[in-house]
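Asks: pasting the sequence and the predicted model now:
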Amino acid sequence: MFLLATTEHSVISQLFFGILITFAGIYYDISATEWMFQFLCIGLIITAEGLNTAIEAICDYIQPNFDSKIGFIKDIAAGAVAFAAFFAVIIGIIIYYPKVF
């Protein structure tokens, strides 16, 4: 966890947003159920980002030169992170929209 959180810029930015949204949860006094969903989303995104990073590192190790099949694999892994982020945003809207507006 330490290596992932200190060396990968994408994970560092995801952790930043996770901390930011945690402060928002404190400020808006969200319920226990909302906390569970929020932390689940934060964990899911960071996990997906970590797995994406590992897949990309393995791909680069196996094939350091450009390869369209490797590019496809990397795109699929990045797409998984995008799915996690998309649904986390939806959950964030469900939690915070009624509190903000």
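Replies: That came in fine, so what should we check first?
Asks: tell me which residues in whichever strand or helix holds residue 75 are buried?
Replies: Per DSSP states H and E, residue 75 falls inside helix 68-100. By neighbour count with 16 or more other C-beta atoms under 10 Å, helix 68-100 contains the buried residues 70, 73-74, 77-78, 81, 84-85, 88, 92, 95-96. C-beta coordinates here come from the backbone N, C-alpha and C atoms, glycine included.
Asks: next one: it to chain centre, how far?
Replies: 7 Å (C-alpha atoms, centre = their mean, to the nearest Å).
Asks: secondary structure class for the residue nearest the centre of the chain?
Replies: Centroid-nearest residue in the chain: residue 45, 2.4 Å away (criterion: C-alpha atoms, centre = their mean). Here residue 45 is helix, with the state taken from DSSP: H, G, I helix; E, B strand; the rest coil.
Asks: state the distance from the closest residue in space to it that isn't next to it in sequence to residue 14.
Replies: Distance criterion C-beta to C-beta, 6 or more residues apart in numbering; nearest residue to residue 45, sequence neighbours excluded, is residue 84 at 5.0 Å. Per C-beta to C-beta, to the nearest Å, residue 84 is found 10 Å from residue 14.
Asks: so what sits against both of the two?
Replies: Counting by C-beta atoms under 8 Å, 6 or more residues apart in numbering, the common neighbours of residue 84 and residue 14 are residue 45.
Asks: most distant residue from the middle of the chain?
Replies: Distance to centre of the chain, C-alpha atoms, centre = their mean, peaks at residue 65 (27.5 Å).
Asks: distance of that one relative to residue 87?
Replies: 35 Å.
Asks: and the buried residues of helix 68-100 as CSV, adding pLDDT and distance to residue 40?
Replies: Below are these laid out as CSV (pLDDT from 0 to 100; distance: C-beta to C-beta, whole Å):
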residue, pLDDT, distance to residue 40
70, 97, 31
73, 97, 27
74, 97, 26
77, 97, 21
78, 97, 21
81, 96, 16
84, 97, 11
85, 96, 13
88, 97, 9
92, 97, 12
95, 98, 12
96, 98, 15
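Asks: noted, bye for now.
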